[in-house]
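Novice: Please find the sequence and the predicted model below.
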Amino acid sequence: MRILVHDFPGHAFPVQLSRALAARGHTVRHLCFPEFQAPKGPLARRADDAAAFDVAFLALDEPFAKHSLVKRWRQERELGQRAAAAIQDFAPDVVLAGNAPLDVQAASYRGARAAKAGFVYWLQDLVGFAMRKILGRKLSLPGTLVGMAYEAQERRLLHAADAVVSITEDFRPLLEGWGIAGAKIHTVENWAAREELVLAPRENAWAREQGLIGRTVFLYSGTLGLKHDPSLLLDLAKAQPDNPVVVNSEGLGAEWLRERQAQAPNLRILPFQPFARMGEVLSAADILVAILEPDAGIFSVPSKALTYLCAGRPLLVAIPPENLAARIVLREGAGLAAAPGDRAAFLAAAKRLAEDADLRANMGAKALDYAAKTFDIAAIARRFEAILQQASKRTSA
């Protein structure tokens, strides 16, 4: 098949899937928007890449205005037009698209149909559902109305898709409640690009560069935005004054923390680190931290928690207990979890992990064991291949 994978932010695990599909004999183009402020995967071509694999980049003629509602809306529509053109130019048999703003996702669907290609909606987040919740809370009735419009758009796209790949079974009741046929929904949980994370000793070059040798290090690495509460990381730093709390992130949450850094001298704010160094970065930590707002528990699964599992370190998470990531951490014994609103429980769990090296080692080993057993890219690629083949045949029929 000719397969176009559109992962808007350019994360690590989708481009790993694209490479794996190309290695299985398909012609694969991976499309993304590198200017989007998010952790990036290995997007440059590598010597071992299949000849039929390449990466294409969307671009704007001006900086992306992530935090300006009106300008961002206009730019996302422009990016959608460019994505649709890129899809038609590639002339795929099938498009797998996800992780995109809804206006971009809708344009990707139109591009696929114009190319007479199948369209698979990779449902990473219930974006419209989330927008209705968040905008309604922030902007009252006008925000609710805008959110409802996007939720309706999301529902239409999910109905129109030839297949839906949902990252959790938790989405299924809502999808079927929207009238989407259960047979069209395929659950493939997200994973981390375990094979591409080259772990390092605890005392590695990155740890030395950051002055983290001989310290008990809490580390948060990834997006820090509307779905998160950066004040929890500030409270963590205040509660652990003798231990560094390192935050590798960019955007509003990181800026909020930077403005208050004087309140906790042990709080370090760094930009996103290159994917090539992520093995060193995660290995330099003793405890890996993930947080998610209560409202996000039903419409989002933090992929950073999955990446953390590959590092052989315990997780400290403030995630709604019903969320898939929290369930994995607790079920596998890979860390400690607290509800997002329970700061006392979160800080008590942090203290317990900081003071018990044996507990950290035991939980870290269980995290790594789960990742080794579960994140098998060959099996994942075969699963996606079957879904994509089925979707391409529906369109050709």
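Specialist: That came in fine, so what should we check first?
Novice: Tell me how far residue 46 lies from residue 384.
Specialist: 20 Å (Cβ to Cβ, to the nearest Å). C-beta coordinates here come from the backbone N, C-alpha and C atoms, glycine included.
Novice: Between those two, which has more neighbouring residues?
Specialist: residue 384 (22 against 9; other Cβ atoms under 10 Å).
Novice: okay, which residue is most central for this structure?
Specialist: Nearest to the mean C-alpha position of the chain, by Cα atoms, centre = their mean, lies residue 303 at 4.2 Å.
Novice: Tell me who's in contact with it.
Specialist: 11, 13, 190, 192, 222 (Cβ atoms under 8 Å, 6 or more residues apart in numbering).
Novice: Got phi/psi on residue 65?
Specialist: Here is the backbone geometry of residue 65 (degrees, to the nearest 10): phi -90, psi 80.
Novice: With adjacent residues omitted, what lies nearest to it?
Specialist: residue 71 (4.0 Å; Cβ to Cβ, 6 or more residues apart in numbering).
Novice: so where's the stretch 101-250 of the chain shaky on pLDDT?
Specialist: Across the stretch 101-250 of the chain, the ranges flagged by pLDDT under 70 are 133-138, 226-227.
Novice: ranges for the helices of it?
Specialist: For the stretch 101-250 of the chain, the helices defined by DSSP state H, counting those that start in this stretch cover 102-114, 127-160, 172-177, 205-209, 231-239.
Novice: Switch those over to CSV; also include distance to residue 27.
Specialist: Compiled in CSV, these are given as follows (distance: least, Cβ to Cβ, whole Å):
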stretch, distance to residue 27
helix 102-114, 16
helix 127-160, 25
helix 172-177, 31
helix 205-209, 37
helix 231-239, 43
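Novice: what about the residue nearest to residue 65, neighbour count?
Specialist: 14.
Novice: Which other helices and strands does the helix or strand harbouring it contact?
Specialist: Element membership for residue 71 (DSSP states H and E) is helix 69-90. Packing partners of helix 69-90 (3 or more Cβ pairs under 8 Å, 6 or more residues apart in numbering; DSSP states H and E): strand 2-7, strand 27-32, helix 102-114.
Novice: Contacts for that helix, please.
Specialist: By Cβ under 8 Å, 6+ apart, helix 69-90 touches 2, 4, 6, 29, 31, 33, 56, 58-60, 62, 64-66, 95, 100-101, 103-108, 110-112, 114-115, 117.
Novice: Let's see that with 7 Å instead.
Specialist: 2, 4, 6, 29, 31, 33, 56, 58, 60, 64-66, 95, 101, 103-104, 106-108, 110-112, 114-115 (Cβ atoms under 7 Å, 6 or more residues apart in numbering).
Novice: same check, this time on stretch 147-164
Specialist: 102, 105-106, 109, 118-121, 123, 127-129, 131-132, 135-136, 175, 178, 180, 184-186, 387, 390-391, 394-395.
Novice: Equivalent analysis for stretch 286-293, please.
Specialist: Contacts of stretch 286-293 (Cβ under 7 Å, 6+ apart): 216-220, 227-229, 232, 282, 300, 302, 304-305, 308, 311, 313-320, 323, 325, 340, 353-354, 360.
Novice: Looking at those residues, which are in strands?
Specialist: 218, 219, 220, 315, 316, 317, 318 (DSSP state E).
Novice: helix, strand or coil for residue 269?
Specialist: strand (DSSP: H, G, I helix; E, B strand; the rest coil).
Novice: doesn't residue 255 make contact with it?
Specialist: No - counting by Cβ atoms under 7 Å, residue 269 does not reach residue 255; the two are 8.6 Å apart.
Novice: Which of those two has more residues huddled nearby?
Specialist: Using other Cβ under 10 Å as the criterion, residue 269 and residue 255 rank with residue 269 on top: 22 against 14.
Novice: hey, what's the more buried one bridged with?
Specialist: Per DSSP bridges, the residues bridged to residue 269 are residue 247.
Novice: Give me the pLDDT for it.
Specialist: As predicted, residue 269 sits at a pLDDT of 97.
Novice: same thing with residue 393?
Specialist: With respect to pLDDT, residue 393 has a value of 83.
Novice: For residue 387, see how far away it is.
Specialist: For residue 393, the distance to residue 387 - Cβ to Cβ - is 11 Å.
Novice: Which one's more surrounded, the two?
Specialist: Between residue 393 and residue 387, counted using other Cβ under 10 Å, the more crowded position is residue 387 (20 against 14).
Novice: Please parse this structure into its domains.
Specialist: The chain breaks down by automatic domain parsing into domains covering 2-191+375-396, 195-374.
Novice: now the first one: how far from the chain's centre is it?
Specialist: In this case it means domain 2-191+375-396. Relative to its chain's centre, domain 2-191+375-396 lies at 12 Å (Cα atoms, centre = their mean, to the nearest Å).
Novice: ok, now stretch 188-205?
Specialist: That offset, for stretch 188-205, works out to 15 Å (Cα atoms, centre = their mean).
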